[in-house]
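J.: coordinates only, no sequence provided:
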């Protein structure tokens, strides 16, 4: 490829980039690309593109996720503020007021980081107060509202689709092919940051097996059931009063009063 | 123990070498009788030397001495006849026991009288029947015949029990014949009662 061809290709690419810059973003991300905010906001190096798992590629996305969530762009303040994490994947809201690129890191900057379950907010109030009167700084302040995949859906839909605890962390759906070549899209991590180490996930909902349709009854309920007493139905014979035996005569009684009577009797045999 | 069951003392006079059987109390009386102690084996030897009939007569003579003492104890022969069954049996049993011949009791099978002696020594066949025959005959002064129903043939039975039927001469002959034919004790007594009915002697 010649030098002219390379120059022409680069100009076409530049025009394309400029055209895209002016065009409105289709997603809910309303903040300007992070690359437009110069130096003080430092990006973490984008992770290496991870190939989508074969299962996700082959199978359709789960029905619970209706729209592919936009990538979450982590905003890191270079000032002494700690790096905010987005542990909860359900809804991530990052509100950052970044300083202009000309601002140097100031140790007096008050960085307020609030991390709640499902929400991470970085408030750089110190920077805003320090440079509040600077017009150039106010122009460069940008408000970023990044709503993650779960957060992009409204609250009603989220209530309806209550996922099990084991799948609270949403899986990043493969981005469209065009966004894969986009720098802003490729910079997003494929998956949200896993929960902090040692942090317990929410307990699964208690399943009720004691419904009427389950057929399971407690022992007390079984005991409370009325007992059916069995009684024997006795059939007795009719006893007749007639005697089955007939006796005739009398038993010869011999009661000797003396030894002589017995001796006479035994000698009379 | 009543008076009839008192056998009377056996007087061992060692200075004179004499043994006496007394009927009454401590003092000597007219019915005292000098006795000797002989082993039972002497009777078995006598049967071998003199035969069964001599042995039976010897045993019968021993029984006669028992009957005389019974009559003396009960007062007289008339006293024996008029005595109750218990009194007679007690007096005779005392004499048999003190002499070492066993324990006697009486059984009445209808009209038949059977004398039963337990724990008897082994005697030749018919010897014990002859002994009881002589005892009853001497006590009542009547001619009686003893028929050995069981245990008097020289064979030891369970508990050494001798059963002797006391009857008349005619009935004794029939009974011995039926026993030889194999009739049982109860069958012999039943037949004796049947023959008495047929002869019109039933009371």
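T.: Happy to help now that I have it. These numbers come from a predicted model, not from an experiment.

J.: distance of the residue in chain A positioned nearest to chain B from residue B:88?
T.: Taking C-beta to the nearest C-beta as the measure, the point where chain A comes nearest chain B is residue A:260, at 3.3 Å. For the C-beta atoms, the positions are set from N, CA and C on the backbone; glycine is no exception. Here residue A:260 is placed at a distance of 9 Å from residue B:88 (C-beta to C-beta, to the nearest Å).

J.: next, show the common contact partners of the two.
T.: Between them, residue A:260 and residue B:88 share the neighbouring residues residue B:80, with contact defined by C-beta atoms under 8 Å, 6 or more residues apart in numbering or on different chains.

J.: neighbour count winner among the two?
T.: residue B:88 (28 against 18; other C-beta atoms under 10 Å in any protein chain shown).

J.: correct me if wrong: residue B:193 contacts residue B:171.
T.: No: distance between residue B:193 and residue B:171: 10.2 Å, which falls outside the contact criterion (C-beta atoms under 8 Å).

J.: tell me the residues on chain A that lie near chain B, please.
T.: Chain A comes close to chain B at residues A:252, A:254, A:256-260, A:262-263, A:265-269, as judged by C-beta under 8 Å from any C-beta of the partner chain.

J.: neighbour-wise, which one of these leads?
T.: With neighbours set by other C-beta under 10 Å, the maximum within the residues of chain A next to chain B is found at residue A:259, which has 27 neighbours.

J.: roughly how far does that one sit from residue B:74?
T.: As for residue A:259, its distance to residue B:74 is 9 Å (criterion: C-beta to C-beta).

J.: intersection of neighbour lists for these two?
T.: Both residue A:259 and residue B:74 are contacted by B:80, B:83, B:87, B:88, under the criterion C-beta under 8 Å, 6+ apart.

J.: which of those come close to chain A?
T.: B:80, B:83, B:87, B:88.

J.: in contact with the last one: list those residues for me.
T.: When contacts are counted by C-beta under 8 Å, 6+ apart, residue B:88 is found next to A:259, B:4, B:70, B:74, B:80, B:106, B:139.

J.: element containing it, please.
T.: Element membership of residue B:88, judged by DSSP states H and E, is helix B:85-98.

J.: can you check the first one too?
T.: Under the criterion DSSP H and E, the helix or strand holding residue B:80 is helix B:77-82.

J.: and that helix, what does it pack onto?
T.: Identification of packing neighbours for helix B:77-82 by 3 or more C-beta pairs under 8 Å, 6 or more residues apart in numbering or on different chains; DSSP states H and E yields helix A:259-267, helix B:52-74, helix B:127-140.

J.: nearest to residue B:94, out of these?
T.: Nearest of these to residue B:94, taken as C-beta to C-beta: helix B:52-74 at 8.1 Å.

J.: distance to residue B:39 and pLDDT for the contacts of residue B:88 - can I get that in TSV?
T.: What follows is the contacts of residue B:88, written out as TSV (distance: C-beta to C-beta, whole Å; pLDDT from 0 to 100):
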residue	distance to residue B:39	pLDDT
A:259	33	93
B:4	29	61
B:70	25	92
B:74	31	91
B:80	31	94
B:106	29	94
B:139	27	95
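
J.: export these to JSON lines and tack on distance to residue A:5?
T.: Shown next, in JSON lines, are those (distance: C-beta to C-beta, whole Å):
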{"residue": "A:259", "distance to residue A:5": "162"}
{"residue": "B:4", "distance to residue A:5": "160"}
{"residue": "B:70", "distance to residue A:5": "164"}
{"residue": "B:74", "distance to residue A:5": "166"}
{"residue": "B:80", "distance to residue A:5": "166"}
{"residue": "B:106", "distance to residue A:5": "153"}
{"residue": "B:139", "distance to residue A:5": "165"}
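
J.: next one: the residue of chain A closest to chain B, what pLDDT does it get?
T.: Model confidence at residue A:260, expressed as pLDDT, equals 93.

J.: where does pLDDT dip in the chain?
T.: Picked chain A for this. By pLDDT under 70, the low-scoring segments of chain A are A:25-192, A:195, A:199, A:208-226, A:239-244, A:251-252.

J.: oops, I was thinking of chain B
T.: Confidence mapping of chain B against pLDDT under 70 gives the ranges B:1-8, B:24-31, B:151-159, B:199-203.

J.: now chain B against chain A: closest residue?
T.: When scored by C-beta to the nearest C-beta, chain B has residue B:81 as its residue closest to chain A, at 3.3 Å.

J.: how about that residue, what does it touch?
T.: The contact partners of residue B:81, by C-beta under 8 Å, 6+ apart, come to A:258, A:259, A:260, A:263, B:140.

J.: 6 Å instead, please
T.: Shown here is residue B:81, whose contacts under the criterion C-beta atoms under 6 Å, 6 or more residues apart in numbering or on different chains are A:260, B:140.

J.: separation between it and residue B:91?
T.: According to C-beta to C-beta, residue B:81 stands 13 Å off from residue B:91.

J.: residue B:107: what secondary structure?
T.: Of the three states, residue B:107 takes strand under DSSP: H, G, I helix; E, B strand; the rest coil.

J.: could you give the bridge partners of it?
T.: Beta bridges link residue B:107 to residue B:114 when assigned by DSSP bridges.
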